[in-house]
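>>> Everything below, folded, please.
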Amino acid sequence: MANKRATYSMLAFPVHLLVISIAALVLFWLIGFREGFALSSSIKMKIFNLHPLLMAKVRKSNKIYRNYEILKVMRDESLYCCFESAMIAYKAIPTPRTVVKIIHLTLHFIALVSGIFGVYAVFKFHDELKVPHMYTLHSWIGMSTIVLFGLQLILGFVTFLFPGAESATRARFSPWHVSAGVLIFFMAIVTTETGLIEKFIFQQLKRGQEALLVNFIGLLILLFGISVIVTVVLPIRRK
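Numbers count the residues shown, from 1 in each chain. Here you go, the predicted model:
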């Protein structure tokens, strides 16, 4: 088992490298092209995009729209990064099974909270600008992902961490739990990619530097998604 976890840890290294690369490029994009992390001294805002609930206090302006787009991108990134860490942690961390389960559950919970706050920010922003809700493919897939993610978290807790769950039930449910997790992670990646496409279209990006950067981020996210799925589902033989 130790050799098996070590092998998974080696496979997880390029995944984490991709996460760091994506995070760095997103920060460069937001700071270099999207005016960074805006502050509003008139209403004493703190770092805007660290807390989606602050969208409730924002005025209707083009600057706020850009800030909202920054928030949405950061929300999507934090969601799938925590999701990825939770999926890989279960196989790569060399700790007792119960501890790994708790880490796995905690990371999933953080990802879910991040997603819920992000959805709240989207709906609040649309209400402020009188924009219709849930009218794009991105929003449909994103909302479906959040709902399925929540159900997966609840079922996983009841089945694998709840004291009354039977071992036979856990064994039968385990393959379905893994498969559902991979599917939901794939949906999270698709949500992020369609969000980038929306950003590309709404900002009317063409062949400039920002357009190239956004496309490159999208390609890295695709490679990241493939790497995570391969790491999770690839069978590793004992040496």
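
>>> Now tell me which helix or strand of the protein has the poorest mean pLDDT.
Least confident helix or strand of the chain, by mean pLDDT, DSSP states H and E, is helix 62-92 with a mean of 56.

>>> immediately after that helix, which helix or strand?
Next helix or strand after helix 62-92 toward the C-terminus (DSSP states H and E): helix 97-129.

>>> Could you list the buried residues of that next one?
Using 16 or more other C-beta atoms under 10 Å as the test for burial, helix 97-129 gives 100-101, 103-105, 107-108, 110-112, 114-119, 121-122, 124-126. The way it works is simple: take the backbone N, C-alpha and C, and place the C-beta from them, glycine included.

>>> for that helix, packing partners?
Helix 97-129 is packed against helix 62-92, helix 137-156, with contacts defined by 3 or more C-beta pairs under 8 Å, 6 or more residues apart in numbering; DSSP states H and E.

>>> Dump the last one to CSV, restricted to CA.
Output of helix 137-156 as CSV, limited to C-alpha atoms (Å, rounded to 0.1, in the frame of the first residue of the first chain):
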residue,chain,number,x,y,z
LEU,A,137,-25.2,26.9,-21.0
HIS,A,138,-22.5,27.9,-18.5
SER,A,139,-25.1,28.6,-15.8
TRP,A,140,-27.0,25.4,-16.5
ILE,A,141,-24.0,23.1,-16.3
GLY,A,142,-22.6,25.1,-13.3
MET,A,143,-25.8,24.9,-11.3
SER,A,144,-26.1,21.1,-12.1
THR,A,145,-22.6,20.7,-10.9
ILE,A,146,-23.2,22.4,-7.6
VAL,A,147,-26.4,20.4,-6.9
LEU,A,148,-24.8,17.0,-7.8
PHE,A,149,-21.7,18.0,-5.8
GLY,A,150,-23.8,18.6,-2.7
LEU,A,151,-25.7,15.3,-3.1
GLN,A,152,-22.4,13.5,-3.6
LEU,A,153,-21.0,15.0,-0.4
ILE,A,154,-24.1,14.1,1.6
LEU,A,155,-24.3,10.5,0.3
GLY,A,156,-20.5,10.1,0.8
